[in-house]
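K.L.:
What follows is a predicted structure for the sequence shown.
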Amino acid sequence: MTTTSGAHAGLPVPLPDVLPDPWVVVRGTAWPSLDTAFGSGRRLPRALVRLLDPDLTAGEARQALNALDEPVRHQNTIYEATAPVTLCVAAVLGRRAGQHRGTADRVCTLLLAWLAGVAYDSDDKCVAVRQRYFGEDFLEGYPALVAVRALRPVLFQAVEPFLDDPDAAVAEEALCAGLALAEHPALAGHRDGPAERARRLLRVCDTRWRRRQALDALTAWGHDTEGLARRGDDDRSPYVDGAGWPVADGHPDGPPL
């Protein structure tokens, strides 16, 4: 994989249609040329290489993901380096999914939660909110976000094996990511599974933002939601994050950070 400048800076041209070898992403990306919240991305490979340790523990995975969080997800913002980092994390998760046959160990759970956060921060609703504030052509001036959104079909491949994980918390995290990623038009044929799981979630889940995400997805995809909504599900009272951006819900009952 080479990172040629083009429609999606920091990503290979053409974009991958299957999860790549994570080592190819680490070695083939021009990290020093990519912006993060705190300068260039030249130090990002150190954290990514730690995730590739075959003997990785949950504690080590958490430290590595924390080291990635501030540079590429600071205050729920997407940066130029976010897309290749996200692709690498997804590739690591995809590799581990094969090793664990779709059943998450603690490391998989951490990787999945990290991807769910990126997916949520780049979903259609986030774009719509920003378009209301900054105009319909908002995405034209935000190529970093465009790059992450372009990866949604391949990121979905990493998440999908965990939608039926025996651990309900893991499956719910996978659904959070899956609903956001499946908004991509290329995944229209893959929405039935997440939609049915969203229905099941709405019958048992009390977390407001998760319920809202599930209802919004079902509505957007043309599904009948009669009997699934509860009082308060239509509460659209605004919140803002630390950077002043409008978000779906507020901490501690808010979207993944």
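P.N.:
Nice, thanks for sending it over.

K.L.:
Name the residues of the longest helix along the chain that come out as buried.
P.N.:
Selection of the longest helix in the chain by residue count, based on DSSP state H, yields helix 82-100. The neighbour-count check on helix 82-100 (16 or more other C-beta atoms under 10 Å) flags 82-97 as buried. Yep, even glycine has a C-beta here, placed from its N, CA and C like the rest.

K.L.:
mean confidence for that helix?
P.N.:
Helix 82-100 carries an average pLDDT of 92.

K.L.:
Could you check the angle the helix or strand following that helix makes with helix 82-100?
P.N.:
Counting by DSSP states H and E, the element after helix 82-100 in chain order, helix or strand, is helix 106-121. Per axes from the mean of the first three to the mean of the last three C-alpha atoms, to 10 degrees, the angle that helix 106-121 makes with helix 82-100 is 140 degrees.

K.L.:
I'd guessed Tyr79 sits against Ser40; true?
P.N.:
No: in this structure, Tyr79 is not within contact of Ser40 by C-beta atoms under 8 Å, at 10.7 Å.

K.L.:
Would you map the helices across this protein?
P.N.:
Under DSSP H, the chain gives helices at 22-28, 44-51, 58-73, 82-100, 106-121, 124-134, 143-150, 152-159, 168-181, 192-204, 208-220.

K.L.:
Ok, which of those comes nearest Ala229?
P.N.:
Ala229 lies closest, by C-beta to C-beta, to one member of these: helix 208-220, at 6.2 Å.

K.L.:
ok, Ala81 - contacts?
P.N.:
Ala81 is in contact with 10, 31, 34-36, 41, 44, 71-72, counting by C-beta atoms under 8 Å, 6 or more residues apart in numbering.

K.L.:
Quick check: which ranges of the stretch 101-250 of the chain have low pLDDT?
P.N.:
For the stretch 101-250 of the chain, residues meeting the criterion pLDDT under 70 lie at 101-103, 235-250.

K.L.:
Apply 90 and report the result again.
P.N.:
101-105, 125, 167-170, 207-210, 226, 229-250 (pLDDT under 90).

K.L.:
follow-up on the earlier one: what do Tyr79 and Ser40 both touch?
P.N.:
Between them, Tyr79 and Ser40 share the contacting residues Leu34, judged by C-beta under 8 Å, 6+ apart.

K.L.:
ok, Phe134 - contacts?
P.N.:
So Phe134 contacts nothing (C-beta under 8 Å, 6+ apart).
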